[in-house]
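[1] need a 3D model of the sequence below.
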Amino acid sequence: MCKQFAVSRTVIREAISRLQAAAVVETRHGIGTFVLPGAGQSAFRLGKADLETLQDVIWVLELRIAVETETAALAAERRRPIDLTLMRRALKGFESAVKQGTDAIEHDVAFHHSIAQSTRNPHFMNLLGAMGEGAIPRSRLKSIPQGGISEADYLRSVNEEHAEILAAIADANPDAARSAMRRHLEKSRDRKMQSALAVERQVVENRRRS
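    The predicted model follows:
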């Protein structure tokens, strides 16, 4: 696999670890790793049809606020050194992506997934896995203003919020981690709500002019 995908053994181990956390594969020591029956099936999954409008995105953020605030608190109680390493790697990757002018979605997803993995509860990982990158649909919403700031400034602000969450988890402070995650996701929701209002005002103005 290392040769086929041109990656290191560490990357393969991390990928298998995430698949185990998501109950997609099972490793039997001395035998090998096997795909579990029903792997990849989920009663809940976000698709493109679920994220057609800004309101759809706001609804997803409300769900994430409800779930991920407690995910962060549990992560602060249960995280291991490898979890903190993965979070820091995601932050660094996010920063590099912003400098390169990309949307950093891959690293955003990796950060939140590493927090879910830190809980040692596979159901949190399953739920975030079912959401996929659809939970962070920036690539489909680039034409919509992010609260009047540039895309790069917006992303830097997002990663600063990530750093606050990581600091609380690293300090093993559940209350601080819960609060930091809530602030992060509520800010994202509020930005989208402001954007929705701006779009609505523009539609009304266009209709008035026509």
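
[2] C-alpha from now on. contacts and neighbour counts both.
    Noted.

[3] which strands or helices does the longest helix along the chain pack on?
    Longest helix in the chain, counting residues (DSSP state H): helix 174-209. Other helices and strands packing on helix 174-209, by 3 or more CA pairs under 8 Å, 6 or more residues apart in numbering; DSSP states H and E, are helix 54-78, helix 151-170.

[4] now render those helices as a markdown table, adding distance to Glu26.
    A markdown table is the format used below for these (distance: least, CA to CA, whole Å):
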| stretch | distance to Glu26 |
| --- | --- |
| helix 54-78 | 22 |
| helix 151-170 | 28 |
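
[5] of all the ones you listed, which one is nearest Asp108?
    Nearest to Asp108, of all these, is helix 151-170, at 8.4 Å by CA to CA.

[6] contacts for the closest one next, please.
    72-73, 75-77, 79, 84, 87-88, 91, 94-95, 98, 101, 103, 111, 146, 174, 176-177, 180-181, 184 (CA atoms under 8 Å, 6 or more residues apart in numbering).

[7] can you flag the buried ones in those?
    Among the contacts of helix 151-170, those buried by neighbour count (16 or more other CA atoms under 10 Å) are 72-73, 75-77, 79, 84, 87-88, 91, 94-95, 98, 103, 111, 146, 174, 176-177, 180-181, 184.

[8] tell me which of the helices and strands packed on helix 174-209 lies nearest to Thr119.
    Per CA to CA, nearest to Thr119 of the helices and strands packed on helix 174-209: helix 54-78, 4.6 Å.

[9] in that closest one, what counts as buried?
    54, 57-58, 60-61, 64-65, 68-78.

[10] what's it packed up against?
    helix 105-118, helix 151-170, helix 174-209.

[11] flag the shaky bits of this structure, pLDDT-wise.
    Within the chain, the segments meeting pLDDT under 70 span 18, 21-23, 38-52, 132-135, 137-149, 195-204.

[12] please parse it into its domains.
    Split into domains by automatic domain parsing, the chain comes to 1-41, 43-209.

[13] quick one, which of the ones you listed is packed in tightest?
    Comparing the domains of the chain by mean neighbour count (mean count of other CA atoms under 10 Å), domain 43-209 ranks first with a mean of 18.

[14] how far off centre is that domain?
    Centroid separation for domain 43-209 versus its chain: 5 Å, with CA atoms, centre = their mean, to the nearest Å.

[15] find the residue at the geometric middle of this structure.
    Computing the C-alpha centroid of the chain and ranking residues by CA atoms, centre = their mean puts Val109 first, at 3.4 Å.

[16] I'd say that one and Ile136 touch.
    Yes: Val109 is in contact with Ile136 according to CA atoms under 8 Å; the separation is 7.5 Å.

[17] contacting residues around Leu86?
    Contacts of Leu86 (CA under 8 Å, 6+ apart): 111, 114.

[18] relative orientation of the one helix or strand it maps to and helix 54-78 in degrees?
    Following DSSP states H and E, one finds Leu86 within helix 81-99. Here helix 81-99 points in a direction 140 degrees away from that of helix 54-78 (axes from the mean of the first three to the mean of the last three CA atoms, to 10 degrees).
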